[in-house]
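**Student:** Predicted model and sequence follow; I will ask about them next.
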Amino acid sequence: MDEATRTRSCEDGGDRSLPATGSVDGEDLISLLPDCVLGEIVGRLPIRDAVRVPVLSSRWRRLWRGSPLNLDDRLLRGVGGVHILCLISHVLAIHPGPARRLRIGSVSVAGHSADYDHWLRSRAVDGLQVLEIHPGAPCLAWRAAPPLPPAALRFARSLRALRIGSCVFPSGAAAATLRFPHLELLSFCGVSISETALHGLLAGCPALVTLVLDECFGFSRVRITSPTVRSLAVSAAHSMNPMPEVTMREVVVEDAPRLENLAPFRHQRSGESFELRVVSAPKLRFLGCVSMAISKLELGTTVFRVTDCRVKHVQNGNVQSEEVRSEMRAVRLGTTLPTLKSLALEDVDRTDVVCNFLRCFPSLEKLYVSAREGFKTAGSYDKQNPIECLELHLRKIVLNGYEGERSDVRFAKLFVLHARVLKSMRIRYRSKSYETLSEEWIADQRRQLQVNKRASQHAKFNFLHDYGYNYTDLPEHIHDSSTNEPFDAWFEQ
C-alpha cells in the first residue's frame, strides 16, 4: 500500500483506503468516514435531522436505518403539518431498530392508549436504553392521572435512564419483582406510587446513580439505603392541586456511602413541607436548597426547624413595629459535616441563622443564599468565636434577592469583612424593573459594603440582576456527568 494511504476498518469488516490528506478530488471528509462511525453520528442527531440524512447521497440512505433510533416527539412538532401521532407511528414503522432513546411527552394516554401500547411494543424500540414518557401530559388533574402503560416496563433489562411523569405507577406483585440491572437515572415527576412499590423499585436498581422524586405522592416516607446513589433530588407535591390522601412527609437518608449531592428543592409554586433526616452520608458534598419547605432538617445530631418567632423592626434605635414570621432556626448544634463543600439556602435571610449553618460545615467553599424580601441582620460576628469556613475555606458566595437596602448591606458585609479567602462574590439585585444597573449605583453599593476593607484582597465583586431559578431542568444538571459539581453549574447559570 502506498505510504500516502492508510486503511480504516469498520466493525462489519469493510475497508476504505484514504489518502493521508483526507480528501479525494474535493470529496468531503465526513463522507470518507467508515459506516460504523457515521452510524454513531446519525444516531445522536435530533430525529428531524436524522431522517433527512438520506437525501445527501445513495450511501447515506442506509445509515439512518442502521443507526440506533433517537426519537424525541418535541422535535417532530410542525413537520409538514402532519399530526404528531402519525409521525411517531411512521418513524417506528420504518426504522428496524434497535433504539437508543424514546421520549413521548406531548401525547396524553387518554384516548390514545392503543397508540401508546403499539409504540412501546414496536420492534424498533427493542433494547431501549433511555425512556421518557408523560402519559398524563398535559393534564394537571393528578387525581385523574392515568396508569403507566404496562408495556413501558418491558425495557427493564436494558434501560439506563427512566423518566416518568404524570401517571400512576403499578403496585402489587408485578411491581415487587421489577429489576432494572443497568438503570443509572430514575426520575419521577408528578407520579403516584405506593410506599411499598417505591422501596421495592429502589431495591431492584443495583446500579442507580441519580434519583429524582419531584412532586410525587402516594407515599408518606421514603428511605434511601443505597451503596451506589450519588445524587438525590426531592420536592413535595404541589399544594394548589387537589391533594391526594397520602403525601411525602419524611425523607430519610439511612445509609448512602456514595451520596454526594442532596437537593431538597422547591418550585416557585408553594408545596407541602416535609422532614429531611440524614443519618449516614459520609461523602456528602452539596446540600440545597434548604428552605421552609423542609419543616425539620436533621444532620446527625444537629437539628434545624421552622419555628414562629417575633421580629422587631427597629429604626433610629426605636422599635417601629413587630411581626410574627416563620424562620428556619437551629434548635440543636451537634454534628458537623466536614465533607460538605457547597450549600444553598433559601428563605434564610438572617445573619445569625446563616452563621449557625456555617458552623455545621467547617470546610464549606461555596455558599448560595436566597431571600424573598431582602436580607436582615441579627447580631454581629464574634471574632472570639470564629467560624472555621469563613476564616479558612469559603471562596465563592452568591446572594440572590439583594435589594440594596441598609439591612442588605449589613448582611453582605458579614462576608466582605470576614471571609478571608474569598475569591468571588456575586450579588444579584432584585427589582420590579430590569433597567441596567447604573455605574453610580454599583459604586455606591461598593462604598457601603466597604470593599476597600475586604478581608480577602483577591476577592472580586459582581452585581447582576436576579432572575430567579427554574427548577424544571434541575434533574438534568444533577445527572450531568460532564462536571464534578453539577449543582454548582445549575446555580451559577
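**Tutor:** Nice, thanks for sending it over. Everything quoted here is computed from the prediction, not taken from an experiment.

**Student:** okay, CA-based contacts and neighbour counts for the rest of this
**Tutor:** OK.

**Student:** Next, work out how far apart residue 419 and residue 85 are.
**Tutor:** Distance, residue 419 to residue 85, by C-alpha to C-alpha, to the nearest Å: 58 Å.

**Student:** what about these two, which has more around it?
**Tutor:** Counted by other C-alpha atoms under 10 Å, residue 419 and residue 85 do not tie: residue 419 has more neighbours, with 25 against 16.

**Student:** For that one, which residues are in contact?
**Tutor:** 390, 391, 392, 394, 395, 455, 456 (C-alpha atoms under 8 Å, 6 or more residues apart in numbering).

**Student:** Now with 7 Å, please.
**Tutor:** By C-alpha atoms under 7 Å, 6 or more residues apart in numbering, the residues touching residue 419 are 390, 391, 394, 455, 456.

**Student:** need the contact list for the closest residue to the third one other than its chain neighbours.
**Tutor:** When the adjacent residues along the chain are set aside, residue 394 lies closest to residue 365, with 4.1 Å between them (C-alpha to C-alpha, 6 or more residues apart in numbering). Counting by C-alpha under 7 Å, 6+ apart, residue 365 touches 341, 342, 393, 394, 395, 396.

**Student:** so the third one makes contact with residue 418?
**Tutor:** Same thing as residue 393. No: with contact defined as C-alpha atoms under 7 Å, residue 393 does not count as touching residue 418 (11.5 Å).

**Student:** Looks like residue 334 contacts residue 302 (just checking).
**Tutor:** Yes: with contacts defined as C-alpha under 7 Å, residue 334 counts as touching residue 302 at a distance of 4.6 Å.

**Student:** what stretches of this structure score poorly on pLDDT?
**Tutor:** Applying pLDDT under 70 to the chain picks out residues 1-65, 77-82, 137-143, 239-245, 268-271, 311-321, 378-379, 432-435, 468-477, 479-493.

**Student:** Return the closest of the contacts of residue 365 with respect to residue 329.
**Tutor:** residue 342 (19.4 Å; C-alpha to C-alpha).

**Student:** my read: the closest one touches residue 369, true?
**Tutor:** No: counting by C-alpha under 7 Å, residue 342 sits too far from residue 369 to count as a contact (11.1 Å).

**Student:** Among the contacts of residue 365, which one lies nearest to residue 308?
**Tutor:** Distances from residue 308 to the contacts of residue 365, taken by C-alpha to C-alpha, are shortest for residue 342, at 27.5 Å.

**Student:** can you pull up the bridge partners for the closest one?
**Tutor:** Counting by DSSP bridges, residue 342 forms beta bridges with residue 286, residue 366.

**Student:** any idea how far it is from residue 309?
**Tutor:** Distance from residue 342 to residue 309, by C-alpha to C-alpha: 28 Å.

**Student:** Compare those two and say which is more crowded by neighbours.
**Tutor:** Per other C-alpha under 10 Å, whichever of residue 342 and residue 309 has more neighbours is residue 342, with 24 against 13.

**Student:** All the helices of the stretch 201-350 of the chain, in order from the start?
**Tutor:** Taking DSSP state H, counting those that start in this stretch, the stretch 201-350 of the chain contains no helices at all.

**Student:** Skipping its backbone neighbours, what lies nearest residue 456 in space?
**Tutor:** residue 420 (4.7 Å).

**Student:** let me redo that: residue 219
**Tutor:** residue 195 (4.5 Å).
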